[in-house]
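Asks: heads up, no residue letters with this:
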């Protein structure tokens, strides 16, 4: 109950923030995600998440971001937890030791964060192009939310004419939320090492091609391969500006090796490809194909197609309808409404 | 006859000579040439003004080209590369280009942090219009707390933007202060003289009533003392409703108003055309920024706008 009162008090603060003029208050925002789901076996209408965000510059190149999430758990209870809470030191070396002529541009992020692997994992639900996340992403990074951890991530833009950023993280992974009736995917243990090389090339003024190489290892200090979790993958994104909006084609493919409790490590593959297009400045349509292979000889191969239509009201408020249909998965209809209030921003992903 | 596929050795040599010459040229311009101040602007309006003030001492790149809704720009990683090597960023500000913040954060160029002279919010010192005097929320549409951000559509604001740029350039490159001051004075005089000419041209439509799709033209109306009677959108950022359009049409017909409808090229053309047809109004679907259809300078933008609207 205390948590709910605290939450309401925070909402009151948001109201105050709306009228702020030259104050030292942080940017405060609330994002709500409501999802109605219909399958043959289940029909539900949930306030899936209320996200409360505080964002503030602490120093000219140091920014703090705190994302609190009010989630609905499988037992119907609501729980507030720290979704992300981190400080970004944009120029860490020169902040630590100023005026020493150290190289600039080494970013350090310290705290709890969605791990920077691929294109989808680090996104918050209001940034997702579809109501749900691809099957492979759910299996490898967590069912309802991205894989997150507490630790540090370093990022550096390579000194070449092409956009090429290398990211290296060391984390203690956060426990996964288990979803009733669903496989809870990989449980990363002990510590996590993440690396990503994110590249981008402007093909023309209106076309951009991004490609990333990703590597993640859980429990790296374990002596046996069976006790480690190793993920490798690639992501490709193509953007084309078109009239009032743009066309986005995106895909990620992963190969993961891990062992279920007490068992030897087996491989599993998963991937998705998606296309979204802005039909007008208000409407967006999209289609996605997901594939998830067997883990060794266990389970069955899964695949599904998702189609969606989004009506954008504001930058952060939108309606969405989505239909998923596939092999060895339940056909599902989603109706979603996401709303946002207050100033809210995410770094370029 | 089969084509000769083997290159003559001299051709390799020729390529090598070019490469060496190119390297020497690159090195010598870096070592002995004058290092230009690299300015990045969010759009071509600011590019044009920055070139007028910096001239031979600056190299200017723009993140967005042409007449675009600056609120809807999707930031791209390639933009980060432009910012990474810049000495100065000129932004629109007023929450209209908030997408730029994420790019500056990823570029991690200390010269562009908001407390540095390499960071210029061009809206500084602009007399802002339509600043809300009450609390706002989504029921008022897409209202900007700092006011209407389309300030570059008043040519006299171009002088204020130019003065801001001069101030920052002098701070970054004080040895060329005299040149920047001279360029600013020339730019200011040129705009002031052109303003007299543009106002003269606009007298042909000064008795008309003006409407627009979105509140893009408020500063233009202000500059040329035009009578604005509303927008097709009931509230900013929300598409026009049939009821609102009917009320507007009824009012125009009842008062027998002679109306000119202005729509920016990035808003739907058909809605304005249908409205103009029903009300016997004149409609102009216009570019609002430098970089389109041969409009290469800030002055040329107003030459184009005034010529089109005063037809």
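Replies: That came through, no problem. Please read all numbers here as calculations on a predicted model, not as lab measurements. Numbering: from 1, shown residues only, chains lettered A, B, ... in the order given.
Asks: Would you tell me which residues of chain A are close to chain B?
Replies: Residues of chain A lying close to chain B by C-beta under 8 Å from any C-beta of the partner chain are A:18-19, A:60-61, A:63, A:88, A:90-91, A:94, A:104-107, A:157, A:161-163, A:165, A:198, A:200-202, A:205, A:208, A:210, A:239, A:241, A:244-246, A:280-282, A:314, A:317, A:341, A:345-348. In this view, the C-beta of every residue, glycine as well, is placed from N, C-alpha and C.
Asks: Stretch A:135-155: how far from the chain's middle?
Replies: The chain centre lies 7 Å from the centre of stretch A:135-155; the measure is C-alpha atoms, centre = their mean, to the nearest Å.
Asks: buried sites along that stretch?
Replies: Residues of stretch A:135-155 classed as buried by neighbour count (16 or more other C-beta atoms under 10 Å in any protein chain shown): A:135-149, A:151-155.
Asks: what about the helices in the chain?
Replies: Using chain A here. With DSSP state H as the criterion, chain A has helices at A:2-18, A:92-96, A:135-141.
Asks: hm, I was asking about chain B
Replies: B:9-31, B:44-54, B:77-84, B:99-107, B:155-172, B:177-202, B:218-224, B:242-255, B:269-279, B:298-309.
Asks: Let me know which of the ones you listed is tucked in deepest.
Replies: helix B:44-54 (a mean of 26; mean count of other C-beta atoms under 10 Å in any protein chain shown).
Asks: Packing partners of that helix?
Replies: Applying 3 or more C-beta pairs under 8 Å, 6 or more residues apart in numbering or on different chains; DSSP states H and E, one finds that helix B:44-54 makes contact with strand B:37-41, strand B:58-62, helix B:155-172, helix B:177-202, helix B:298-309.
Asks: what does that helix contact?
Replies: Residues from elsewhere that reach helix B:44-54, judged by C-beta atoms under 8 Å, 6 or more residues apart in numbering or on different chains: B:37, B:39, B:41, B:58, B:60-62, B:64-66, B:90, B:92, B:122, B:152, B:158, B:161-162, B:165-166, B:169, B:180, B:183-184, B:186-187, B:289-291, B:296-298, B:301.
Asks: What of stretch B:191-204?
Replies: Stretch B:191-204 is touched from outside by B:155-156, B:158-159, B:223-224, B:226, B:299, B:302-303, B:306-307, B:309-310, with contacts defined as C-beta under 8 Å, 6+ apart.
Asks: Columns distance to chain A and pLDDT on top of those residues, output as CSV?
Replies: Listed next are the contacts of stretch B:191-204 as CSV, based on distance: C-beta to the nearest C-beta, whole Å; pLDDT from 0 to 100:
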residue, distance to chain A, pLDDT
B:155, 27, 98
B:156, 27, 98
B:158, 25, 98
B:159, 27, 98
B:223, 27, 97
B:224, 28, 96
B:226, 27, 96
B:299, 24, 97
B:302, 25, 98
B:303, 25, 97
B:306, 27, 97
B:307, 26, 97
B:309, 24, 96
B:310, 29, 94
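Asks: Return the closest of those residues with respect to residue A:51.
Replies: residue B:158 (41.5 Å; C-beta to C-beta).
Asks: Could you pull up the contacting residues of that closest one?
Replies: B:49, B:152, B:187, B:191, B:298.
Asks: now, which of those sits nearest residue A:233?
Replies: residue B:152 (44.4 Å).
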